[in-house]
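1. What shape does this take:
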Amino acid sequence: MSDHVLRVLRPGLLTTVQDLGRAGWRHLGVAHAGALDRDAAQLGNRLVGNRADAAVLELTLHGPTLQLEVPTRIALTGATVSARFKGEPVPCGRPVLLPAGTLELGAVRAGARAWLAIAGGIDVPEVLGSRSTDLRGGFGGLDGRALRNDDRVVLGDTAPFDCTRLQSTPWWIDPGHDDDPRAPIRYLPSTHPWSAPLARRAWNVSASSNRQGLRLQGDALPTTSADGLSEPVAPGTIQLPPDGQPIILLADAQTVGGYPRLGHVIAADLPRLAQCIPGQTLHFAAVDATTAHRLACAARARVARIGVMIDARVPAI
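-> Next comes the predicted model:
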């Protein structure tokens, strides 16, 4: 392991180590985990010259304060973060060089989450092929938990460089999505009778939401006492529990569930769910599989284009 470490002075509200997730284990009941917005995490890594699948820190609502012991290259992506280094604002969406010192990451604005990529990546042990934190399972990341005061976070090896002041590039990226944030969340409807009425009602995001699921509140949909056997579920599945208040499963979701399935949020809109804050109003719109596929391809192409532009400007570590 590297001797390049970060010391956690304040952990933030919920800061976890995440990469692109734990693929290939759902048949054994292991959640995928990983960054709730894979696009933002990948682009952040590319901004600092990492591999796209390097581990990053996921910040929720309020970020941590970190002591940098040597000069470090970072990038912040996702929602805008109030960030300062020695009293100087730290810009988002671009590579930033910092000397040794204290990086203060404060409130996350215009969204719920941001991702801090650091040159070399977060060097925690891989568990089942991933460094992601599974909070429900209590493994991966840093001992299967969120960051705490006085944690020491080891970083991967990078070429040393001299830096005496904050430096950032004159260019930046906008890893956000082209859709209006007020636009409906698009989903593939199921055959359940209450799948279509889901789109006719407004829903508010509950404060009890977490990385397992986005819980919604509104005019309850009717349910029955016995809705069937457990079925496979995945991030994006929209469940209807007995209280009639839908749940959209996210990255830490279980692999099977007994609640009826109202549909599945399309891949292109999954990153938008990562930025939903408590009290936010959501609307839904049903689409067909052809539309979902077209939108997914367009989203992947957009990220690829941004990645190519980054790689032309940022040398690999």
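2. and Arg198, which of the three is it?
-> Arg isn't right for residue 198; it's Leu. With DSSP: H, G, I helix; E, B strand; the rest coil as the basis, Leu198 sits in helix.
3. And for it, the neighbour number?
-> Residues within reach of Leu198, counting by other C-beta atoms under 10 Å, total 25. C-beta coordinates here come from the backbone N, C-alpha and C atoms, glycine included.
4. remind me which residues of the stretch 51-200 of the chain are low pLDDT?
-> Applying pLDDT under 70 to the stretch 51-200 of the chain picks out residues 175-179, 181.
5. before we move on, what about the stretch 201-317 of the chain?
-> Scanning the stretch 201-317 of the chain for pLDDT under 70 picks out 225-228, 315-317.
6. What segments of it are helices?
-> 270-273, 289-311 (DSSP state H, counting those that start in this stretch).
7. CSV for those helices, including distance to Gly101 and mean neighbour count?
-> Output for the helices of the stretch 201-317 of the chain, formatted as CSV (distance: least, C-beta to C-beta, whole Å; neighbours: other C-beta atoms under 10 Å):
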stretch, distance to Gly101, mean neighbour count
helix 270-273, 32, 21
helix 289-311, 26, 14
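8. Turn those helices into CSV, including distance to Ser195.
-> As requested, those are arranged in CSV below (distance: least, C-beta to C-beta, whole Å):
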stretch, distance to Ser195
helix 270-273, 18
helix 289-311, 14
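9. Relative to Ile122, which of those helices is closest?
-> Smallest distance to Ile122 across those (C-beta to C-beta): 19.8 Å, for helix 289-311.
10. CA atoms only for that closest one - export them in CSV, please.
-> What follows is helix 289-311, C-alpha atoms only, in CSV (Å, rounded to 0.1, in the frame of the first residue of the first chain):
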residue,chain,number,x,y,z
ALA,A,289,-38.4,-0.5,-24.5
THR,A,290,-37.4,1.0,-27.8
THR,A,291,-37.3,4.5,-26.3
ALA,A,292,-35.5,3.3,-23.2
HIS,A,293,-32.8,1.7,-25.3
ARG,A,294,-32.4,4.8,-27.5
LEU,A,295,-32.0,7.0,-24.4
ALA,A,296,-29.5,4.7,-22.8
CYS,A,297,-27.4,4.7,-25.9
ALA,A,298,-27.5,8.5,-26.1
ALA,A,299,-26.5,8.7,-22.4
ARG,A,300,-23.5,6.4,-22.9
ALA,A,301,-22.4,8.2,-26.0
ARG,A,302,-22.5,11.6,-24.2
VAL,A,303,-20.3,10.2,-21.4
ALA,A,304,-17.9,8.7,-23.9
ARG,A,305,-17.6,12.0,-25.7
ILE,A,306,-16.8,13.9,-22.5
GLY,A,307,-14.3,11.1,-21.6
VAL,A,308,-12.5,11.5,-24.9
MET,A,309,-12.2,15.2,-24.4
ILE,A,310,-10.8,14.8,-20.9
ASP,A,311,-8.3,12.1,-21.9
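11. Can you name the residues in contact with that helix?
-> 39, 42-43, 46-47, 52, 173, 175, 177-178, 186, 188, 266-269, 287 (C-beta atoms under 8 Å, 6 or more residues apart in numbering).
12. mind listing the strands for the stretch 201-317 of the chain?
-> Using DSSP state E, counting those that start in this stretch, the strands found in the stretch 201-317 of the chain span residues 203-205, 213-217, 231-232, 237-239, 247-249, 256-257, 261-265, 281-282, 284-286.
13. tell me the angle the second one makes with strand 261-265.
-> What it means is strand 213-217. 120 degrees (axes from the mean of the first three to the mean of the last three C-alpha atoms, to 10 degrees).
14. partners of strand 213-217 in the sheet?
-> strand 203-205 (antiparallel), strand 247-249 (antiparallel) (DSSP bridges).
15. of all the ones you listed, which lies closest to Ala159?
-> Here strand 247-249 is closest among those (C-beta to C-beta), at 40.9 Å.
16. How about the closest one, which residues are buried there?
-> Under the neighbour-count criterion of 16 or more other C-beta atoms under 10 Å, strand 247-249 has 247-249 buried.
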